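Peer 1: Here is a sequence together with a model predicted from it:
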2 protein chains.
Amino acid sequence: MTETDAYRADRGTVGFAAPVQRLVGIGSDRGEWPVLAPRNPENHVREGSLMRDAYHEELDSIGDSLVEMARLVGSAIGRATTAILDSDLKLAESVIEADQKVDELQHDLEAKAIALLARQQPVATDLRIVVTSLRMSADLERSGDLAQHVAKLARLRFPNRAVPQDLHATILEMGQLAQRLMAKAAEVVITKDVDLALQLESDDDAMDLLHRALFQHLLDDRWKHGIETAVDVTLLGRYYERFADHAVAVAKRVVFLVTGEHADELQPDIQPDIQPAPAPGGDGA
Amino acid sequence: MTETDAYRADRGTVGFAAPVQRLVGIGSDRGEWPVLAPRNPENHVREGSLMRDAYHEELDSIGDSLVEMARLVGSAIGRATTAILDSDLKLAESVIEADQKVDELQHDLEAKAIALLARQQPVATDLRIVVTSLRMSADLERSGDLAQHVAKLARLRFPNRAVPQDLHATILEMGQLAQRLMAKAAEVVITKDVDLALQLESDDDAMDLLHRALFQHLLDDRWKHGIETAVDVTLLGRYYERFADHAVAVAKRVVFLVTGEHADELQPDIQPDIQPAPAPGGDGA
């Protein structure tokens, strides 16, 4: 059983409050980080510090909020995709309204993080966990906005369909991939599984390919859906691509926490976004 | 002379290291914040704390980095706009390369902020300044990416022009407005001028109007530039709009620091992005 398998095998034994507790608990192979036993009352008695206990409860609560935000925005992008493909106004409106909950979670998380920094004054790894959680919450909040944009486009075009039938499959695939990426990002937050985090990068490559295919379709001479649909599809493609970028960024931030590696190839947000398919001799980056 | 005028009138008297020092120094009208005199050696002697001095130097350095990032990305969006309107490949490439400097500044700022939190363990306002600076640096880094996208589109279409002549004026105006918004955001970071920050919101409304005008032009039956140009212009419009959003977000974060108000109408990032011009009976939000 690899170390990663071990992390996975004992998932659930530490309950809902696991996320950040687990992150605190996993040492890097550089051996610098404290390795804590899973939470149980015995340990707390042995540690003899109620302060430390409150501290970990606050960290847990931040981790829980991140996982909940990821769950909500993953669900939102899935439902928004259904709404735009089926031209379902009610579903679109429910996605639009639900984004408020994500925004509230982010505000709460920010307040909790600032309170924790002020009261507990963490250093080293714990400090980086809190700061990184703030960045991850911003990624997740923005992902929620992007899901909301998809739903708003569905509402804007209702009762028409924003997506022509011949792009239905591509948009469906982009929506499903986006939802899967976010589910994996949440799993990375919970498990700190570096292998899984790296897997998100190849999923993101798949999103880039879908995005390119979308542009190729748009720019094909046989495009017959007019400018408005071309504009809608261009924006939709961008929403899904950015959603995926944020999911990957969340996973990469976990990798940075676990490994301390911040190599350029692991740096979130700086990979080039896809632009329109290059003209002959052009450059797609 | 209003309080705001007073802030403005004494600008420059505290020198280049002013940004965060000034922010620390300005109390809200709720009277909760410490009001410090401008930096001078006498004060430091009176405070009798070299530790405190190092602390403010670190805060200053973070503020300086924010202002420098804003300066760089403001310049980048201006130059990228020139590059795309003139189809100037060299200029486009210089913008693309220069973004690395912005990314480096963000990494440095993040490292400085984490070091400051660990060593100095600030609380209350100072803590919020550091946390908010991290958020602002993310806005600025992303703005740099967006300027880079404009430049990449110029490079992609070279030697052709991505923007047709009849949209030249609109794109020029969007580029100039974006650059102006970022210059004002930098000024808000330096001065903590809440009135100026609120002014950014009306500038952002002007950007929304330009963005709508762009869509109207695209969707006009007389559009004769084909799908590829429609796709390019759609993405360009989105880049400028998002750039402006980030500039406004930076200013709003300063308002939050100064006033403690985080009302919904001041909340960055949650205002709806513009989508395509509504169909009759539709909804533009």
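Peer 2: Sure, I can see it. Residues are numbered from 1 along each chain as shown, chains lettered A, B, ... in the order given.
Peer 1: Pull the contacting residues for A:Asp232.
Peer 2: Counting by CB atoms under 8 Å, 6 or more residues apart in numbering or on different chains, A:Asp232 touches A:153, A:157, A:162-163, B:276. Where you see a C-beta, it was placed from the backbone N, CA and C, and this is true even at glycine.
Peer 1: With A:Ala113 instead?
Peer 2: A:Ala113 sits next to A:62, A:130, A:133-134, B:131 when contact means CB under 8 Å, 6+ apart.
Peer 1: Could you measure from A:His246 over to B:Lys184?
Peer 2: Between A:His246 and B:Lys184 the computed distance is 27 Å (CB to CB, to the nearest Å).
Peer 1: sorry, back to before: show me which of the contacts of A:Ala113 is closest to A:Asp195.
Peer 2: The nearest member of those to A:Asp195, counting by CB to CB, is A:Ser133 at 21.7 Å.
Peer 1: and that closest one, what does it touch?
Peer 2: Contacts of A:Ser133 (CB under 8 Å, 6+ apart): A:20, A:62-63, A:66, A:109, A:113.
Peer 1: now do 10 Å
Peer 2: A:19-20, A:23, A:59, A:62-63, A:65-66, A:109-110, A:112-113, A:116, A:189, A:253, A:257 (CB atoms under 10 Å, 6 or more residues apart in numbering or on different chains).
Peer 1: Make a PyMOL selection of the buried ones in those residues.
Peer 2: In PyMOL, this line selects whichever of the contacts of A:Ser133 come out buried by 16 or more other CB atoms under 10 Å in any protein chain shown:
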select buried, chain A and resi 19+20+23+59+62+63+65+66+109+110+112+113+116+189+253+257
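Peer 1: one step back: redo the contacts of A:Ala113 as JSON lines? Include distance to A:Leu218.
Peer 2: What follows is the contacts of A:Ala113, written out as JSON lines (distance: CB to CB, whole Å):
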{"residue": "A:Ile62", "distance to A:Leu218": "42"}
{"residue": "A:Val130", "distance to A:Leu218": "43"}
{"residue": "A:Ser133", "distance to A:Leu218": "38"}
{"residue": "A:Leu134", "distance to A:Leu218": "37"}
{"residue": "B:Val131", "distance to A:Leu218": "42"}
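Peer 1: among these, which are in strands?
Peer 2: Among the contacts of A:Ala113, no member falls in strands (DSSP state E).
Peer 1: Tell me the one among those residues nearest to A:Thr234.
Peer 2: Nearest to A:Thr234 among those, with distances taken as CB to CB, is A:Leu134, at 31.9 Å.
Peer 1: Next, count neighbours for the closest one.
Peer 2: 19 (other CB atoms under 10 Å in any protein chain shown).
Peer 1: Ignoring the adjacent residues along the chain, who's closest to A:Val255?
Peer 2: In space, and not counting its chain neighbours, A:Val255 is closest to A:Ala197: 4.7 Å by CB to CB, 6 or more residues apart in numbering or on different chains.
Peer 1: Give me the neighbour count for the one you found.
Peer 2: A:Ala197: 26 neighbours (other CB under 10 Å).
Peer 1: Next, work out how far apart it and A:Val163 are.
Peer 2: 31 Å.
Peer 1: One more: A:Val73?
Peer 2: The spacing between A:Val73 and A:Val163, counted by CB to CB, is 21 Å.
Peer 1: So if I had to pick from those two, which one is more boxed in?
Peer 2: Between A:Val73 and A:Val163, A:Val73 has the larger neighbour count (other CB under 10 Å), namely 33 against 23.
Peer 1: quick one, what contacts that one?
Peer 2: Contacts of A:Val73 (CB under 10 Å, 6+ apart): A:80, A:98-99, A:102, A:105, A:139-148, A:178-179, A:182, A:185-186, A:243, A:246-247.
Peer 1: same question, A:Thr234
Peer 2: Per CB under 10 Å, 6+ apart, neighbours of A:Thr234: A:214-215, A:218, A:276, B:227, B:230-235, B:238, B:276.
Peer 1: measure it to A:Leu218 for me?
Peer 2: Applying CB to CB to A:Thr234 and A:Leu218 gives a distance of 7 Å.
Peer 1: Pull out the buried positions in stretch A:222-231.
Peer 2: Buried-residue list, stretch A:222-231, by 16+ other CB under 10 Å: A:223, A:225, A:227-231.
Peer 1: do the same with stretch A:93-105
Peer 2: A:93, A:95-96, A:98-99, A:102-103, A:105.
Peer 1: what's the distance between the residue nearest the centre of chain A and chain B?
Peer 2: In chain A, the residue lying closest to the centroid (CA atoms, centre = their mean) is A:Ala247, at 2.9 Å. Counting by CB to the nearest CB, to the nearest Å, the gap from A:Ala247 to chain B is 16 Å.
Peer 1: And for A:Glu201?
Peer 2: 18 Å.
Peer 1: wait, that residue sits on A:Lys252?
Peer 2: Yes - here A:Glu201 reaches A:Lys252: they are 8.2 Å apart, a contact under CB atoms under 10 Å.
Peer 1: Pick out whichever of those two has more residues nearby.
Peer 2: Ranked by neighbour count (other CB under 10 Å), A:Glu201 and A:Lys252 place A:Lys252 first, with 26 against 15.
Peer 1: I'd like the distance from the helix or strand hosting that one to the chain centre, please.
Peer 2: Assigned by DSSP states H and E, A:Lys252 belongs to helix A:226-259. Distance, stretch centre to chain centre, for helix A:226-259: 10 Å (CA atoms, centre = their mean, to the nearest Å).
Peer 1: Can you pull the poorly scored residue ranges out of chain A?
Peer 2: Within chain A, the ranges that satisfy pLDDT under 70 run A:1-52, A:262-285.
Peer 1: any chance you could map the helices in it?
Peer 2: Remark: helices assigned in chain A by DSSP state H are A:3-9, A:18-25, A:41-47, A:50-86, A:89-120, A:124-157, A:165-191, A:194-219, A:226-259.
Peer 1: Of the ones you listed, which is nearest B:Asp126?
Peer 2: helix A:89-120 (9.8 Å).
Peer 1: Give me the distance between the residue lying closest to A:Leu134 once chain neighbours are set aside and B:Ala113.
Peer 2: Excluding the flanking residues, the one nearest A:Leu134 by CB to CB, 6+ apart is A:Ala113, at 5.4 Å. Taking CB to CB as the criterion, A:Ala113 is separated from B:Ala113 by 13 Å.
Peer 1: cool, and A:Lys101?
Peer 2: 29 Å.
Peer 1: repeat for A:Met207
Peer 2: Relative to B:Ala113, A:Met207 is positioned 31 Å away (CB to CB).
Peer 1: got it, and A:Glu57?
Peer 2: 25 Å.
Peer 1: same deal with A:Ala249?
Peer 2: Going from A:Ala249 to B:Ala113 by CB to CB gives 18 Å.
Peer 1: just A:Val123 next, same as before
Peer 2: Between A:Val123 and B:Ala113 the distance is 14 Å, computed by CB to CB.
Peer 1: Same question for A:Ser65.
Peer 2: 21 Å.
Peer 1: same check, this time on A:Gly237
Peer 2: Separation of A:Gly237 from B:Ala113 (CB to CB): 35 Å.
Peer 1: Equivalent analysis for A:Arg142, please.
Peer 2: For A:Arg142 relative to B:Ala113 (CB to CB), the value is 20 Å.
Peer 1: excluding its backbone neighbours, what's nearest A:Ala115?
Peer 2: Using CB to CB, 6+ apart and skipping residues adjacent in sequence, the residue nearest A:Ala115 is A:Glu58, 7.4 Å away.
Peer 1: on that earlier part again, for the contacts of A:Asp232, work out which two are farthest apart.
Peer 2: A:Val163 and B:Pro276 (13.4 Å).
Peer 1: Which neighbours do those two have in common?
Peer 2: With CB under 10 Å, 6+ apart, A:Val163 and B:Pro276 have common neighbours A:153, A:157, A:229, A:232.
Peer 1: In contact with the third one, which residues?
Peer 2: The contact partners of A:Thr229, taken as CB under 10 Å, 6+ apart, are A:157, A:160-164, A:167, A:218, A:223, B:227, B:276.
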